[in-house]
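> After the sequence you'll find the predicted model.
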Amino acid sequence: MTWTPEDVKKIDAQEAPNYLNILPDSRTKAEPKGVIRGNHPLAGSINWQPVFCANCGVLDGFYPTENINFAFALCPPCAEKWGHVAGTWVCPDEVFWKEVECYQIEKYGRVLSKPELLKRLESDHQFQQLLKSKGG
């Protein structure tokens, strides 16, 4: 495969073609071990697979295995040392879910139950945009 000047422009504009895998995958290549069953705020009880720091290899948490085909992670020490990857968005899960909670309180006056949240996601386009912009 050769890179054309148009490919480079697409990368710079964050419109890289799907065949370009710039970041390494932080999941195990072998059959995953250490998969746990846990609760997801929107999906309920699902499997969570370990994810490892792409730089030093330390366990850096877990990600939901359903509908995920890529995961990249940097542990906090490596992220602090190397900085975040250009063109990506970085937010700890706690901060993300706190923003979702604040939005719910601001918009609905309370934190919604899981069924209410799922129903609102179908019709509340502003909420959908918040989740998309924050990586949810």
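Thanks, I have it.

> Determine the longest strand present in this protein.
strand 44-52 (DSSP state E).

> Now tell me what touches it from outside.
Defining contact as C-beta atoms under 8 Å, 6 or more residues apart in numbering, one finds that strand 44-52 is touched by 26-28, 32-40, 58-66, 71, 73, 114. Bear in mind the C-beta positions are built from the backbone N, C-alpha and C, glycine included.

> do that again at 6 Å, thanks
26, 32, 34-40, 59-66, 71, 73 (C-beta atoms under 6 Å, 6 or more residues apart in numbering).

> how far does it sit from the chain's center?
Here strand 44-52 shows a centroid-to-chain-centroid distance of 12 Å under the convention C-alpha atoms, centre = their mean, to the nearest Å.

> Just the strands from the chain, written as ranges.
36-40, 44-52, 59-64.

> buried subset of the contacts of strand 44-52?
Among the contacts of strand 44-52, those classed as buried by 16 or more other C-beta atoms under 10 Å are S26, D60, F62, Y63, A71, A73.

> From A54, how far out is L117?
32 Å (C-beta to C-beta, to the nearest Å).

> try F127
Taking C-beta to C-beta, one finds F127 at 31 Å from A54.

> Domains in this protein, by residue range?
If you go by automatic domain parsing, the domain ranges for the chain are 23-88, 91-136.

> now the angle from the helix ranked longest in the chain to strand 59-64?
Identified as the longest helix of the chain according to DSSP state H is helix 93-108. Counting by axes from the mean of the first three to the mean of the last three C-alpha atoms, to 10 degrees, helix 93-108 lies at 40 degrees to strand 59-64.

> For helix 93-108, buried residues please.
Under 16+ other C-beta under 10 Å, the buried positions of helix 93-108 are E99, V100, Y103, Q104.

> Report the contact partners of the second one.
Same thing as V100. Per C-beta under 6 Å, 6+ apart, neighbours of V100: none.

> where's it relative to E31, distance?
According to C-beta to C-beta, V100 and E31 sit 33 Å apart.
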